[in-house]
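# sharing a model that was predicted from the sequence below.
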Amino acid sequence: MILLLGVGKIRYLFLPFLASFACLIAVVPKPDILVSDDAELMSIRDEHGYAFSTLRKNKFVREQWKEALALPYDRVVRWEDGAGLTCDEMACRSELKGRNISFVYSPEIFAQECAWADILISSKPLPYCETTRVIDRFDVYARGAVAVFIDEDINIRYAIHRGKDRPWMLKR
């Protein structure tokens, strides 16, 4: 845009900035798991992009994620159709970058999933699990949407950071 608006040879001074911006976009890490602020929409990274927990709820949030992650418009799949998850009516399991991920739908299976998973995610409130990172309804209520990055360690980033008050948020 700046190249088009610039006058004369001055516009070519902006080429290095444009090139460095393009390089920065290419190296920004993309999250491996996303959880919406109500935990009703979740997404996991697969070899083709991302697969979503549902295509019926939170369409606006899903569209925002697709745009932010530069996903192809026609690449919208439920994770039962891709992403290498094994699902039943109580939970979905996946192994991602050597970590066990469990998306729990029913609290009855919590103890079994707590023993198996490295990360446990649910739209329902879950009890504390000593050996597993838990993201549940209480977490997203208190801290907002979640992005999980898996590398040597599990890095969980919340939309609302503790200790940072926002003027539009209610005081607790």
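Perfect, I can see it now.
# the residue nearest to the spatial centre of the chain sits in which helix or strand?
The centre of the chain sits closest to L34, judged by CA atoms, centre = their mean, with a distance of 1.5 Å. Taking DSSP states H and E as the definition, one finds L34 inside strand 33-35.
# and that strand, average pLDDT?
Summarised as a single mean, pLDDT over strand 33-35 is 92.
# quick one: contacts for T131?
C114, A115 (CB atoms under 8 Å, 6 or more residues apart in numbering). No exception for glycine: its C-beta is placed from N, CA and C like everyone else's.
# that one in helix, strand or coil?
With DSSP: H, G, I helix; E, B strand; the rest coil as the basis, T131 sits in coil.
# need the phi and psi values for it.
The phi/psi pair for T131 (degrees, to the nearest 10) reads phi -100, psi 0.
# now swap in F60 and tell me
phi -60, psi -50.
# that one - how many residues pack around it?
9 (other CB atoms under 10 Å).
# the residue nearest to the centre of the chain reaches M42, doesn't it?
Yes: using CB atoms under 8 Å, L34 is in contact with M42, at 6.7 Å.
# which residues does stretch 64-71 contact?
With CB under 8 Å, 6+ apart as the criterion, stretch 64-71 contacts K30, L34, S43, G49, Y50, Y73, V76.
# what's near enough to touch the nearest residue to L41 once chain neighbours are set aside?
Leaving aside its sequence neighbours, L41 sits nearest to N58 (CB to CB, 6 or more residues apart in numbering; 3.9 Å). The contact partners of N58, by CB under 8 Å, 6+ apart, come to S36, D38, E40, L41.
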